[in-house]
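Novice: task: produce atomic coordinates for the following.
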Amino acid sequence: MKILITNDDGIEAPGLATLVQAFAGQAEIAVAAPDQERSATSHSVTLRKPIGLRELGKRRWAIEGTPVDCVHLAVLKLLDFKPDLVISGINHGANLGCDIIYSGTVAGAREAALLGFPAFAISLNSWNSHPNFQPAAEFAVKLARQVLARKIQPPTFLNVNLPDLPPAEIKPFRITRQGRRIYSKKIEEILKPNGQPGFVLGGDSASGEPIEDSDIVAVDQGHISITPLQLDTTSYPALLQLRGFKI
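Specialist: This is a model prediction of the structure:
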């Protein structure tokens, strides 16, 4: 296997390091990841300014940009091979339900699919300071083989989430649908160092609607969730409805 790995937690993230180590000796690996954390950058692309990079070793680059920049630059410029698969992760924190709209991790896989490469994003549902990424990394190796063997290709790509449990307690994977997140509407007002008012978005952790076959419910119940996503976001029921419009 020839694999390109990216993430949104940055080139020094433990999840990325664990993933790379899991593939050692089993695949040719290239790593192109942001030089700093780029969480929640969604499918952001850096335009109208140069993107710098540092080469940290053979096929290992720290890039001054988003996960999408990393995949785009690696595939079209940096790599000396055509990847069989692109993996984005392992993210520190879940990407469930509507998280995929905001997620830089998922965007890395989506960009690969846009460029025509099989891809999946993988995340661990943990906010512990030192989580165990090993089960997710081992599952990624198994999943990579299946993605290639079963020829899961664009426009489909996969979003994978694991519960933060001891390996023996992790339940078998489920094929799931994208759930619906419920986000906190809390906005904190603060004073910036210059004395001007500022605002911090976020607040309490997101929860989810109890949709039985969703990624959120699967992970909450201790299962690994695999959600097939696609590039086409057209609402086909609305497409039929709108054809009757008269304006």
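Novice: which residue, other than its chain neighbours, is closest to Lys82?
Specialist: Lys2 (7.0 Å; C-beta to C-beta, 6 or more residues apart in numbering). Backbone N, C-alpha and C define where each C-beta goes, glycine included.
Novice: which parts of this protein are helices?
Specialist: 14-23, 67-73, 99-102, 104-114, 134-149, 215-220, 236-242 (DSSP state H).
Novice: quick one: distance of the second one to the chain centre.
Specialist: What that stands for is helix 67-73. From the chain centre to the centre of helix 67-73 is a distance of 13 Å (C-alpha atoms, centre = their mean, to the nearest Å).
Novice: show residues contacting it.
Specialist: Here helix 67-73 makes contact (C-beta atoms under 8 Å, 6 or more residues apart in numbering) with 4, 6-8, 32-34, 38, 41, 43-46, 51, 53, 61, 63, 65, 86, 88, 104-105, 107-108, 111-112, 115.
Novice: which PyMOL command selects the buried ones in those?
Specialist: To isolate the buried ones among the contacts of helix 67-73 in PyMOL, judged by 16 or more other C-beta atoms under 10 Å, type:
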select buried, resi 4+6+7+8+32+33+34+38+41+43+46+53+61+63+65+86+88+104+105+107+108+111+112+115
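Novice: which residues touch the spatially most central residue of the chain?
Specialist: Centroid-nearest residue in the chain, with C-alpha atoms, centre = their mean: Thr105, separated by 2.5 Å. Thr105 makes contact with 7-9, 67, 88-89, 91, 95, 121-123 under the criterion C-beta under 8 Å, 6+ apart.
Novice: and if we set it to 6 Å?
Specialist: Shown in contact with Thr105 (C-beta atoms under 6 Å, 6 or more residues apart in numbering): 8, 88-89, 91, 95, 121, 123.
Novice: the lowest-mean-pLDDT helix or strand in the chain: how far from the chain's middle?
Specialist: Counting by mean pLDDT, DSSP states H and E, the chain has its least confident helix or strand at strand 207-208, which shows a mean of 76. Distance of strand 207-208 from the chain centroid (C-alpha atoms, centre = their mean) equals 19 Å.
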